[in-house]
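Asker: using only what follows, build the 3D model:
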Amino acid sequence: NIGYKQLDLLQKLNIPLSPSADLLFNLQYSNSSDIPRYDRLNEYDDETLKYAEWYYQPQKRFLFSTQLLLNPGTPVMENGTITLAFQDIDESSTERKFSDLNRSSEFTNVKVYSLNADFNTSVRENRIFSYGLEFNYNDVKSESVGETLLVEGNEVLGVAANYPVPTRYPDGGNDYLSASLYGNYRQDLSSKAVLNTGIRLTNTNMNLKWVDTTFFKLPYDEAHLRNNAITLTIGYILKPNEDWQINSVFSSGFRSPNIDDVGKVRDKRGVVSVPNINLKPEYAYNLEFGINKYFDEKNYLLSA
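Answerer: Numbers count the residues shown, from 1 in each chain. Predicted coordinates:
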């Protein structure tokens, strides 16, 4: 029962360039009304409501992407897709404590530039090789403003004065770059066995800068984090007969800290999160094993 409104506009245009190539354009625009945070508005401080106002201001998102679809049917590339995209996202929030005339707002703008390229080819019969690349660049700007309301009786007439409030992210500008290359190989070893392998090389670069030190003084005013990793996947499927199937997968994962992880300042129920430039990447290693057995039109799964 929040009662917010949202508008979404979508458009796609497909232009055939040749029998083996198509060009696709995609436009998206989204906008909303104010969105109240009912969970915050339900918080109590002793027996009194904690907040008089807590809402997201209109969230706006614009996307433009162009996609080139290729089907040359050559030994190097049977088909492929190249996607170039741009997004512009505005998010903001406003809060004011109950019986308090001070109202604070945070504004965040994110511009995202991305390039994706994915290609497939058949090396031989029953052998498929996929490869590609991914590039993402995020430009994040964070601002804030504090307003002291001018009130007469029970009516808000305007803003009497402004005061400084901390920004959600570093106020000097932030950017995050992620670039990766990948390859995937699938082969039918026989009519009863399939091998699927993949490798991915990822590199991330992040830059943060703090200018205003009114509210807290960090031992640094800039942060630069660079991480890279190689992740792998190896999967093997064996079907000795029509009733049995054995699955096994080994995979590794990698996640580098982003701007939200490292640079965010957040207050939640009296607990404040502060920037931490010493965060390390997360790594995951997974091993899965499973057996499928077919019984009288029922599929039973045993896994370990």
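
Asker: next up, the contacts around residue 121.
Answerer: Neighbour list for residue 121: 74-78, 128-130 [criterion: C-beta atoms under 8 Å, 6 or more residues apart in numbering]. The way it works is simple: take the backbone N, C-alpha and C, and place the C-beta from them, glycine included.

Asker: return a ChimeraX selection command for the buried portion of those.
Answerer: Command for ChimeraX that selects the buried part of the contacts of residue 121, burial taken from 16 or more other C-beta atoms under 10 Å:
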select :78,128,129
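
Asker: kindly reformat the contacts of residue 121 as CSV and extend each row with pLDDT and secondary structure.
Answerer: CSV is the format used below for these (pLDDT from 0 to 100; DSSP: H, G, I helix; E, B strand; the rest coil):
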residue, pLDDT, secondary structure
74, 83, coil
75, 80, coil
76, 81, coil
77, 85, coil
78, 88, coil
128, 91, strand
129, 93, strand
130, 94, strand
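
Asker: show me the strands in the stretch 151-300 of the chain, by range?
Answerer: Secondary structure of the stretch 151-300 of the chain (DSSP state E, counting those that start in this stretch): strands located at 155-163, 174-188, 193-209, 222-238, 244-255, 266-268, 271-273, 282-295, 298-303.

Asker: just checking: what are the partner strands of the fifth one?
Answerer: So that's strand 244-255. According to DSSP bridges, strand 244-255 forms sheet pairs with strand 222-238 (antiparallel), strand 282-295 (antiparallel).

Asker: can you give the distance of it from its chain's centre?
Answerer: Centroid separation for strand 244-255 versus its chain: 24 Å, with C-alpha atoms, centre = their mean, to the nearest Å.

Asker: pull the residues that contact that strand.
Answerer: For strand 244-255, contacts defined as C-beta under 8 Å, 6+ apart pick out 202, 229, 231-240, 281-294.

Asker: do the same with the first one
Answerer: Strand 155-163 is contacted from outside by 101-102, 145-151, using C-beta under 8 Å, 6+ apart.

Asker: repeat the analysis, applying 7 Å as the threshold.
Answerer: 102, 145-151 (C-beta atoms under 7 Å, 6 or more residues apart in numbering).

Asker: nearest to residue 138 among these?
Answerer: Among the contacts of strand 155-163, residue 145 lies closest to residue 138 (C-beta to C-beta), at 23.3 Å.

Asker: grab the nearest non-local neighbour of the residue nearest the centre of the chain.
Answerer: The residue lying closest to the centre of the chain (C-alpha atoms, centre = their mean) is residue 258, at 9.7 Å. Counting by C-beta to C-beta, 6 or more residues apart in numbering, residue 176 is the residue found nearest to residue 258 once chain neighbours are left out, at 5.9 Å.

Asker: can I get the contacts of residue 121 in JSON lines with distance to residue 164?
Answerer: Shown next, in JSON lines, are the contacts of residue 121 (distance: C-beta to C-beta, whole Å):
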{"residue": "74", "distance to residue 164": "61"}
{"residue": "75", "distance to residue 164": "63"}
{"residue": "76", "distance to residue 164": "58"}
{"residue": "77", "distance to residue 164": "56"}
{"residue": "78", "distance to residue 164": "59"}
{"residue": "128", "distance to residue 164": "58"}
{"residue": "129", "distance to residue 164": "56"}
{"residue": "130", "distance to residue 164": "52"}
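
Asker: ok, so of the contacts of residue 121, who is nearest residue 54?
Answerer: Nearest member of the contacts of residue 121 to residue 54, counting by C-beta to C-beta, is residue 130, at 46.6 Å.

Asker: my read: the closest one touches residue 123, true?
Answerer: No. If you go by C-beta atoms under 7 Å, residue 130 and residue 123 don't touch, sitting 10.8 Å apart.

Asker: pLDDT weak spots in the stretch 151-300 of the chain?
Answerer: Scanning the stretch 151-300 of the chain for pLDDT under 70 picks out the ranges 269, 296-300.
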